[in-house]
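Peer 1: sequence plus the predicted model coming up.
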Amino acid sequence: MNQFKGKLALQQRVLPSYRVPFFDLLASHCENSMTLFAGMPRQEEMIASGQTQIAKYVEAKNIHLLGGKFYLCYQQGFINWLEESNPDALIVEANPRYLSTPLAVNWMHKRGRKVIGWGLGAPKQNWFWKRFVHQFDAMIAYSQRGADEYAQLGFPREKIFVAHNSVSSKPEKIDNRPLTIIDHTTILFVGRLQNRKRIDSLIRACAEIKLNLRLIIVGDGPERENLQTLAKEIYPSTEFIGAKHGVELKPYFEKSDLFVLPGTGGLAVQEAMSYGLPVIVAKGDGTQDDLVREKNGWQIEPENYKVLVSTMKEALSDIKRLREMGKESFRIVSEEINIQKMAEVFVKALNS
């Protein structure tokens, strides 16, 4: 993998623990070091913050303004950080809700240095987004859909790079699962227990399918008590494991047959794939499009309960096919989508 010969500065609103391995890997490919600027999340977000080992972390003072769809954030100390670190290139989150970003872009451009925006895409194709995106010298998109949205705003295709959103390293090996299931089929969910994840629909689906299913729910959150009450009423064999992280998750991925994410969001999909699991996921922001394909899983509408049930029935009807789909999941994250491939794209964009 190539190196970026300069000094890199990278801004984030917050530093979630799941991003630390990627940032440290990227820092290891910056010959003149990398510094990271990020603040603390709001308490209600319940985001576990991390600490980098290779990248130099400087804490921003996040001032959170308003809320919901009107949320804005101003990061105090942004310009001071740039003055002290004096980077050759800057990568920022491409989110117009972050009010201090244009000031930082201007600071870099006045000194003849480049700024790369990194984001999900441009959900609204209007003059505001077009003006916002065109202040950057290049764009890194989480997905091909995001790249297409930037291009639709008139941003040059040759300056758009796709770094598939990833939180896992390239997996080394896959354990072959048996082609027959003796006792029960195990369905796994991993993530925050909140409304938008539609875990209630997953519990109801398992109850309706009436197969010998073992449902394992790993995670914690505001909906846990309600979900446990529902499960006790309609599917008492549901197991609530609580929050687990890192290697703690390994035994649950290894003993499962199918990973299901019935609502939006969720970075555990890729981790499930690294253990050779086929997946059912709800369509979201485009990051799932590149991960989940016909050969390794199903994408469904997030609010369509009937489709969730029918898709689970289809998945469980052919165990041999399910195992082959799991092998394809492993291949995708081993060869195409992992943090090593992601870092390669970042370095390529920096050197372009």
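Peer 2: Sure, I can see it. Numbering: from 1, shown residues only.
Peer 1: need the contact list for residue 62.
Peer 2: The neighbours of residue 62, taking CB atoms under 8 Å, 6 or more residues apart in numbering as the test, are 13-14, 39-41, 73-76. Quick note: C-beta positions are derived from backbone N, CA and C, even for glycine.
Peer 1: and the residues you listed as a markdown table, adding distance to residue 223, pLDDT and secondary structure?
Peer 2: Shown next, in a markdown table, are the contacts of residue 62 (distance: CB to CB, whole Å; pLDDT from 0 to 100; DSSP: H, G, I helix; E, B strand; the rest coil):
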| residue | distance to residue 223 | pLDDT | secondary structure |
| --- | --- | --- | --- |
| 13 | 25 | 97 | strand |
| 14 | 22 | 97 | strand |
| 39 | 27 | 96 | strand |
| 40 | 24 | 95 | coil |
| 41 | 19 | 93 | coil |
| 73 | 26 | 97 | strand |
| 74 | 31 | 97 | strand |
| 75 | 31 | 97 | strand |
| 76 | 34 | 97 | strand |
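Peer 1: which pair in those residues spans the largest distance?
Peer 2: In those, two members sit farther apart than any others by CB to CB. They are 41 and 76, at 15.6 Å.
Peer 1: for those two, indicate the residue with more neighbours.
Peer 2: Per other CB atoms under 10 Å, whichever of residue 41 and residue 76 has more neighbours is residue 41, with 17 against 13.
Peer 1: quick one: that one and residue 50 touch, right?
Peer 2: No - if you go by CB atoms under 8 Å, residue 41 and residue 50 don't touch, sitting 11.5 Å apart.
Peer 1: overlap in contacts of these two?
Peer 2: The contact sets of residue 41 and residue 50 overlap at residue 16 (CB under 8 Å, 6+ apart).
Peer 1: before we move on, back to that, from the contacts of residue 62, which would you call buried?
Peer 2: 13-14, 39-41, 73-75 (16 or more other CB atoms under 10 Å).
Peer 1: from the residues you listed, pick the one nearest residue 204.
Peer 2: Nearest to residue 204 out of the buried ones among the contacts of residue 62 is residue 41 (CB to CB; 31.6 Å).
Peer 1: where does the closest one fall, phi/psi-wise?
Peer 2: phi -80, psi 170 (degrees, to the nearest 10).
Peer 1: now the element after the lowest-mean-pLDDT helix or strand in the chain, going C-ward?
Peer 2: Counting by mean pLDDT, DSSP states H and E, the chain has its least confident helix or strand at helix 287-291, which shows a mean of 79. Proceeding N to C from helix 287-291, the next assigned helix or strand is strand 297-300, under DSSP states H and E.
Peer 1: may I see the buried ones among the contacts of residue 62 arranged in a markdown table, with distance to residue 300 as well?
Peer 2: Shown next, in a markdown table, are the buried ones among the contacts of residue 62 (distance: CB to CB, whole Å):
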| residue | distance to residue 300 |
| --- | --- |
| 13 | 30 |
| 14 | 30 |
| 39 | 36 |
| 40 | 35 |
| 41 | 30 |
| 73 | 33 |
| 74 | 38 |
| 75 | 37 |
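Peer 1: nearest to residue 339, of the residues you listed?
Peer 2: The shortest approach to residue 339 among the buried ones among the contacts of residue 62 belongs to residue 14, at 18.4 Å (CB to CB).
Peer 1: which residue is nearest the middle of this protein?
Peer 2: Nearest to the geometric centre of the chain sits residue 267, at 4.2 Å (CA atoms, centre = their mean).
Peer 1: list the buried residues for the one helix or strand residue 64 maps to?
Peer 2: In this structure, residue 64 sits in strand 61-65 according to DSSP H and E. By 16+ other CB under 10 Å, the buried positions in strand 61-65 come out as 62, 64.
Peer 1: and residue 83, how many residues sit next to it?
Peer 2: Residues near residue 83, counting by other CB under 10 Å, number 9.
Peer 1: how about the strands in the stretch 51-200 of the chain?
Peer 2: Using DSSP state E, counting those that start in this stretch, the strands of the stretch 51-200 of the chain run over residues 56-59, 61-65, 72-76, 89-93, 114-119, 138-141, 160-162, 185-190.
Peer 1: give me whichever of these is most buried.
Peer 2: strand 138-141 (a mean of 25; mean count of other CB atoms under 10 Å).
Peer 1: show the average pLDDT along it.
Peer 2: What strand 138-141 shows for mean pLDDT is 98.
Peer 1: for that strand, packing partners?
Peer 2: Applying 3 or more CB pairs under 8 Å, 6 or more residues apart in numbering; DSSP states H and E, one finds that strand 138-141 contacts strand 114-119, helix 144-152, strand 160-162, helix 339-351.
Peer 1: could you check the angle strand 114-119 makes with the longest one?
Peer 2: Going by axes from the mean of the first three to the mean of the last three CA atoms, to 10 degrees, helix 339-351 is angled at 140 degrees with respect to strand 114-119.
Peer 1: okay, buried residues for helix 339-351 please.
Peer 2: Under the neighbour-count criterion of 16+ other CB under 10 Å, helix 339-351 has 339, 341-344, 346-347, 349-350 buried.
Peer 1: so which elements touch it?
Peer 2: helix 20-27, strand 89-93, strand 138-141, strand 160-162.
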